[in-house]
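Participant: sequence below, structure please.
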Amino acid sequence: MKQLGSATSKNLLIVGGADGIGIWLAKRFFADTPEIGRITLADIKPLHASALSDECNPGARHIAELEQINKPIDAVRLENGSDVAEWAAVETAASAPARQLDLGDYNLVMLAVPENQIEHAASSILPQLGNGAAVFDVVSTKRRAIAAMLKHAPEGVEVFGTHPLFGPAVQDVVGQTFAMIPTQRASHEYDWLTALLRSRGAIPEEISAEKHDRYMLLVQTLTHYAYLVFGKTLARAFTSGDTLTESFRLATPPYSVLTAFTSRIIGSNPRVYAQIQGQEGSDELRRLFAEMARELAERFTQGDEEIQVAIKEIVDPFKGSDIVRAYANSVVLTDSVQQGYHDLLQRKQSGELTIVETSNPFSSSDIHLHVGIVAAVDRQRVEIIERQTIAENGKYYLAYDDESKIALKKFGKSARKKKIPIERWKIQRLYTPDETRKWRADHLEHHRRDISAIIDGDLDVEDICSTLMRINDALLSAEVDQVAESEWLGRYGIKNVLFRFTIFGDRDPQACVQDLRTRLAVFGMRTATEK
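Facilitator: Below is the predicted model of the structure:
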């Protein structure tokens, strides 16, 4: 068996990496991890080059995002558990891998296969790992997965379990919980991954496999079942002409949250939720759920007083602190439902430049950016007014306020006003002010102006540039291009300095230069003609 040693650059193999949480972790977590040198996506699906669809490795909807990753990635199609039938480099921003690795070359192996395949994957792959490697899983229950890994991983291979308690719909790991399940063979890589998760804003929670699986019956099986029952009831309760979309016009915060999470389950991979509903003990839990529903339904027919008594009986088994904490969580959830509306309404009132990223939530490859000002917003839709021209070099020329209209004319450009209605459900992201500034820096054609000034030789010109950047938000950059010294100026302790300014392309350069001259004069400088 190969001895790997303590490599600083780790090779990561993700088994079940074509879709789901495996490739999500590859893209959104491990791709930004400096210690990871290379990622291999292993699956039984054909490689992307063979079939341009989501039924391939990696899935077609991941290709655009993978192309932006600065990490070498390759993909293999497996047969008979571990035999490599195909191998190919995946296009990323990094240099492509030149060769296929052997299983013994991997420092980390993540098993992201369905639970009913964990035994087969472990028995096929783990015996070939090198001494010093580590294997962990991401399946929903732990006892079977931990037992399979301990059984088939050779001595000298580290073993532990993990469970990301979220799905691929989230943007990143910040604020997300990872159940961490150590074994008697968990060591350095377990500690490294736990610390890495914490440093990236995730919440690692250490727990035993047995206790984890007991709680998952409640946290996952019961919760998902309740959502599915609600969804089926809702579908049956709708009369002719009623629609879920129309019901959103009158939605309360609890209804918005409940329908949102029901839709999240209905719209995701049924295979994943089928496995969760097939856990040992789930039949008894669903029977109890149905029994409680029948009991409450009967008692609720007996009038208000009995309904109040029944609700009080639901509350009594819980401690007061449990209720307070759960209520606080509900406030956070309902506030988050309204936050997007508040943010868009604030943009409408301020008239500031707004960038909205839209797409179908189930297709990350169909992403559009809308750049303009918010003209109208309600619960269901937002209207963006766009006025822009895009040059052949890909640079934008915008007019969204009085100053940007002046800047547009100075570039000799014109742009027609366009109203773009956007359904709220299509909005994936509203750019923050910092993200909007960065977008402007990257995508606008900017103005460049020089100002020559005579300064006292003791002045710190670099500090002056920093000060000007802080007090004038029209500036993209300010720097000293040159400091010219002459004999006659030196007699008086003064120098001639050329300041070079880059002004955002949607700001009026003439007004900005006038402001800069005024501020330089405050520092005791005399400015010459503008270049």
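Participant: please state the offset of stretch 342-351 from the chain centre?
Facilitator: Between the centre of stretch 342-351 and the centre of its chain there are 23 Å (Cα atoms, centre = their mean, to the nearest Å).
Participant: rounded mean pLDDT for it, please.
Facilitator: Taken as a whole, stretch 342-351 has a mean pLDDT of 92.
Participant: so which bits of it are buried?
Facilitator: For stretch 342-351, the neighbour count (16 or more other Cβ atoms under 10 Å) marks 344-345, 347-348 as buried. The way it works is simple: take the backbone N, C-alpha and C, and place the C-beta from them, glycine included.
Participant: and what of stretch 450-460?
Facilitator: 451-453, 455, 459.
Participant: returning to that earlier point: export the buried residues of stretch 342-351 as CSV, with columns for secondary structure and distance to residue 321.
Facilitator: As requested, the buried residues of stretch 342-351 are arranged in CSV below (DSSP: H, G, I helix; E, B strand; the rest coil; distance: Cβ to Cβ, whole Å):
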residue, secondary structure, distance to residue 321
344, helix, 36
345, helix, 35
347, helix, 39
348, helix, 41
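Participant: and for residue 116, nearest residue in space, chain neighbours not counted?
Facilitator: residue 275 (6.9 Å; Cβ to Cβ, 6 or more residues apart in numbering).
Participant: I'd say the one you found and residue 114 touch.
Facilitator: Yes. Contact criterion Cβ atoms under 8 Å: residue 275 and residue 114 qualify, at 6.1 Å.
Participant: and the end-to-end length of stretch 347-360?
Facilitator: Using Cα to Cα, to the nearest Å, the span of stretch 347-360 from its first residue to its last is 23 Å.
Participant: show residues contacting that stretch.
Facilitator: 344, 366-377, 382, 384, 398, 400-401, 422, 426-431, 433, 435-436, 439-440, 506 (Cβ atoms under 8 Å, 6 or more residues apart in numbering).
Participant: ChimeraX command for the buried members of the residues you listed?
Facilitator: Burial among the contacts of stretch 347-360 is assessed by 16+ other Cβ under 10 Å; the matching ChimeraX selection reads:
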select :344,370,371,372,373,374,377,382,384,398,400,422,426,427,430,431,436,439,440,506
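Participant: what about the residue lying closest to residue 433 once chain neighbours are set aside, how many residues close to it?
Facilitator: In this structure, residue 433 finds its nearest non-sequential neighbour in residue 352, 7.9 Å apart by Cβ to Cβ, 6+ apart. By other Cβ atoms under 10 Å, the residues close to residue 352 number 14.
Participant: what's the answer for the one 4 residues further on, then?
Facilitator: The burial metric for residue 356, expressed as a neighbour count using other Cβ under 10 Å, is 22.
Participant: over to residue 378?
Facilitator: 12.
Participant: and residue 47, by the same measure?
Facilitator: So residue 47, with other Cβ under 10 Å, has 21 neighbours.
Participant: now residue 168, what's its secondary structure?
Facilitator: Judged by DSSP: H, G, I helix; E, B strand; the rest coil, the three-state class of residue 168 is coil.
Participant: ok, it touching residue 25?
Facilitator: No. In this structure, residue 168 is not within contact of residue 25 by Cβ under 8 Å, at 9.1 Å.
Participant: more neighbours, these two?
Facilitator: Using other Cβ under 10 Å as the criterion, residue 168 and residue 25 rank with residue 25 on top: 22 against 17.
Participant: in the stretch 251-400 of the chain, which spans are helices?
Facilitator: With DSSP state H, counting those that start in this stretch, the ranges of helices along the stretch 251-400 of the chain come out as 253-266, 270-277, 282-299, 304-315, 320-350.
Participant: in a markdown table: these, plus distance to residue 123.
Facilitator: Below are the helices of the stretch 251-400 of the chain laid out as a markdown table (distance: least, Cβ to Cβ, whole Å):
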| stretch | distance to residue 123 |
| --- | --- |
| helix 253-266 | 32 |
| helix 270-277 | 19 |
| helix 282-299 | 26 |
| helix 304-315 | 46 |
| helix 320-350 | 41 |
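Participant: closest one to residue 528 among the ones you listed?
Facilitator: helix 320-350 (38.0 Å; Cβ to Cβ).
Participant: now do the buried residues in the closest one.
Facilitator: Buried, per 16+ other Cβ under 10 Å, within helix 320-350: 337, 340, 344-345, 347-348.
Participant: what of stretch 174-191?
Facilitator: Buried-residue list, stretch 174-191, by 16+ other Cβ under 10 Å: 176, 178-183, 185-186, 189-190.
Participant: so which of the residues you listed are in strands?
Facilitator: In this view, the buried residues of stretch 174-191 that belong to strands under DSSP state E are 178-182.
Participant: between those residues, which sits nearest residue 472?
Facilitator: residue 178 (44.4 Å).
Participant: the closest one reaches residue 165, doesn't it?
Facilitator: Yes. Counting by Cβ under 8 Å, residue 165 is a contact partner of residue 178 at 6.9 Å.
Participant: where does pLDDT dip in the protein?
Facilitator: 1-8, 49-54, 337, 361-365, 457, 482-493, 529-531 (pLDDT under 70).
Participant: give me the residue at the spatial middle of it.
Facilitator: The residue lying closest to the centre of the chain (Cα atoms, centre = their mean) is residue 171, at 2.0 Å.
Participant: give me the nearest residue to that one, chain neighbours excluded.
Facilitator: Per Cβ to Cβ, 6+ apart, closest to residue 171 is residue 28, 7.5 Å.
Participant: distance of the one you found from residue 499?
Facilitator: Separation of residue 28 from residue 499 (Cβ to Cβ, to the nearest Å) stands at 42 Å.
Participant: who has more neighbours out of the two?
Facilitator: Each of residue 28 and residue 499 has its neighbours counted (other Cβ under 10 Å); residue 499 has more, 23 against 17.
Participant: which SS state does the residue nearest to the centre of the chain fall under?
Facilitator: Residue 171 ends up coil, using three-state DSSP.
Participant: circling back to that earlier point, how about the buried residues of stretch 174-191, which pair is most distant?
Facilitator: Taking Cβ to Cβ as the measure, the buried residues of stretch 174-191 have their most distant pair in 176 and 185, spaced 26.0 Å apart.
Participant: give me the neighbour count for residue 391.
Facilitator: Neighbours of residue 391 (other Cβ under 10 Å): 11.
Participant: now the phi/psi pair for it, please.
Facilitator: phi -80, psi 170 (degrees, to the nearest 10).
Participant: show me what contacts it?
Facilitator: 397, 445.
Participant: ok, residue 397 - how many residues close by?
Facilitator: 21.
Participant: tell me how far it lies from residue 101.
Facilitator: 48 Å.
Participant: ok, residue 229 next?
Facilitator: Taken as Cβ to Cβ, the span from residue 229 to residue 101 is 47 Å.
Participant: again with residue 340
Facilitator: 44 Å.
Participant: show me the strands in the stretch 51-200 of the chain, by range?
Facilitator: Ranges of strands in the stretch 51-200 of the chain, per DSSP state E, counting those that start in this stretch, are 73-79, 83-90, 108-111, 134-137, 158-164, 177-182.
Participant: could you dump these into a markdown table and include distance to residue 150?
Facilitator: A markdown table is the format used below for the strands of the stretch 51-200 of the chain (distance: least, Cβ to Cβ, whole Å):
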| stretch | distance to residue 150 |
| --- | --- |
| strand 73-79 | 22 |
| strand 83-90 | 24 |
| strand 108-111 | 13 |
| strand 134-137 | 10 |
| strand 158-164 | 5 |
| strand 177-182 | 11 |
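Participant: of these, which approaches residue 413 most closely?
Facilitator: Per Cβ to Cβ, nearest to residue 413 of the strands of the stretch 51-200 of the chain: strand 83-90, 39.8 Å.
Participant: buried sites along the closest one?
Facilitator: In strand 83-90, counting by 16+ other Cβ under 10 Å, buried: 87-90.
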